[in-house]
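> What shape does this take:
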Amino acid sequence: MEDTLIIRKANKEDLQSIVRLLVDDELGSKRERYVEPLPANYYEAFAAIEAQVGNQIILAIDDQTVIGCLQLTIIPGLARQGMKRAQIEGVRVDKRYRRKGIGESLFKEAIAIAKSEKCGLVQLTSDKQRADAHRFYERLGFFASHEGMKLIF
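So this is what the prediction gives:
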């Protein structure tokens, strides 16, 4: 499959496939809504992502099918002497394709982009219930250096 795997930036035509991936997950099924047509808020959010410099969705595609995605955002900052950082969110790999290097390929691309943008670090958050994901991130060299918190409205 690695011979046929394509990693590329998402476009508006990919949105249904991306939302389908976000929903096809134990936690995502409670947070997301996949219906046809897609709710307008997904199109509005995607347009905002495309309009923001340094923000993109990266896809893994096999045989013209979206099988993985993540969102990469480059964040300028003042802390750490003005260091830029990269934030990874919304990581998903189709259940049928897990443990085949898809997630690793997505992360390699995201990290390469972060380096090319002169980021000093890549950060992510992951729900405490995602033990398999935590092991995956640790295998890629990430470590739990901070305690994450959220205020949900």
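> Return the set of buried residues in the top helix by length along the chain.
Ordering each helix of the chain by length in residues (DSSP state H) puts helix 102-116 first. Residues of helix 102-116 classed as buried: 102, 103, 105, 106, 107, 109, 110, 111, 113, 114 (neighbour count, 16 or more other Cβ atoms under 10 Å). C-beta: built from backbone N, CA, C; applies to glycine.
> Just the CA trace of that helix, in CSV.
What follows is the C-alpha trace of helix 102-116 in CSV, where atoms were taken according to Å, rounded to 0.1, in the frame of the first residue of the first chain:
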residue,chain,number,x,y,z
ILE,A,102,-0.7,5.5,7.5
GLY,A,103,-0.6,7.6,10.7
GLU,A,104,3.2,7.6,10.7
SER,A,105,3.1,8.8,7.1
LEU,A,106,0.7,11.6,8.0
PHE,A,107,2.9,12.6,10.9
LYS,A,108,6.1,12.6,8.9
GLU,A,109,4.5,15.0,6.4
ALA,A,110,3.2,17.3,9.2
ILE,A,111,6.6,17.3,11.0
ALA,A,112,8.4,18.1,7.7
ILE,A,113,6.0,21.0,7.1
ALA,A,114,6.6,22.2,10.7
LYS,A,115,10.4,22.1,10.2
SER,A,116,10.1,23.9,6.9
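> Give the other helices and strands that that helix contacts.
The helices and strands touching helix 102-116, judged by 3 or more Cβ pairs under 8 Å, 6 or more residues apart in numbering; DSSP states H and E, are strand 6-9, strand 55-62, strand 65-75, strand 84-93, strand 119-124.
> want to throw the ones you listed into a markdown table with mean pLDDT?
Below are the helices and strands packed on helix 102-116 laid out as a markdown table (pLDDT from 0 to 100):
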| stretch | mean pLDDT |
| --- | --- |
| strand 6-9 | 98 |
| strand 55-62 | 98 |
| strand 65-75 | 98 |
| strand 84-93 | 97 |
| strand 119-124 | 97 |
